[in-house]
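K.L.:
Quick one: sequence plus predicted model below, questions after.
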Amino acid sequence: ALVEKYRMDDETYEQRKGTVREWIKEQKAADPNWKPPKPNGAAAMGNAKSAPSAPAGPPPTAADAAHVEVGSRCQVQPGARRGVVRFCGEVPGMPEGIWVGVRLDEPLGKNDGTAAGAKIFDAEPGHGTFARPKNVECGDYPDELEDSDEDEL
């Protein structure tokens, strides 16, 4: 960076009024067992390998996944990741509801088709992902990695 980041020394910070540090000291003085609350999303960020969090509202049902066909090409959001649907159904060890297992064309996934230690579908490491049906769009999504004779014409 071209501009040096400003850092306040502890002594100067302690002299300020209304700081977070002062508030924490007050909370601990009132209750020695008090712990600061975790910010929203901290649990998900702290453990990247944890199962996806359950969405708000009822879990997805088979009706929500009616547009998903195992074996079809698809695009998964976020990121417009392309691949092939390899599984559609409940996944033990993951939040309730229907999940779509996709073998991605590129290593943009988080697994190899394994969830909670159980192999659900086959994929290379980093080529598997589980997504909710609303995030999967099936259609004519060609594999952009395959060589095509049309590109040379």
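P.N.:
Perfect, thanks for sending it.

K.L.:
check contacts around Pro92.
P.N.:
When contacts are counted by C-beta atoms under 8 Å, 6 or more residues apart in numbering, Pro92 touches 115-116, 118. To be clear about C-beta, it is placed using only N, CA and C from the backbone, and glycine gets the same treatment.

K.L.:
Helix, strand or coil: sort out Arg103 for me.
P.N.:
At Arg103, secondary structure determined by DSSP: H, G, I helix; E, B strand; the rest coil is strand.

K.L.:
Now it: closest residue in space that isn't a chain neighbour?
P.N.:
The shortest distance from Arg103 to any residue that is not its chain neighbour, by C-beta to C-beta, 6 or more residues apart in numbering, is 4.2 Å, and that residue is Ala123.

K.L.:
where's that neighbour, which helix or strand?
P.N.:
For Ala123, there is no enclosing helix or strand under DSSP states H and E.

K.L.:
follow-up on the earlier one: which among the contacts of Pro92 count as buried?
P.N.:
Burial of the contacts of Pro92 was assessed by neighbour count (16 or more other C-beta atoms under 10 Å); the buried members are Ala115.

K.L.:
Tell me the one among the contacts of Pro92 nearest to Arg21.
P.N.:
Using C-beta to C-beta, Ala116 comes nearest to Arg21 of these, at 40.2 Å.

K.L.:
From what I see, the closest one and Trp99 are in contact.
P.N.:
No. Between Ala116 and Trp99 there is no contact, the gap being 11.5 Å when judged by C-beta atoms under 8 Å.

K.L.:
any shared contact partners between those two?
P.N.:
Common contact partners of Ala116 and Trp99 (C-beta under 8 Å, 6+ apart): Val91.

K.L.:
count of neighbours near Gly101?
P.N.:
For Gly101, the number of neighbouring residues by other C-beta atoms under 10 Å comes to 27.

K.L.:
Output the lowest mean pLDDT helix or strand found in this protein.
P.N.:
helix 42-46 (a mean of 48; mean pLDDT, DSSP states H and E).

K.L.:
Going C-terminal from that one, what's the next secondary structure element?
P.N.:
From helix 42-46, the next helix or strand downstream (DSSP H and E) is strand 73-76.
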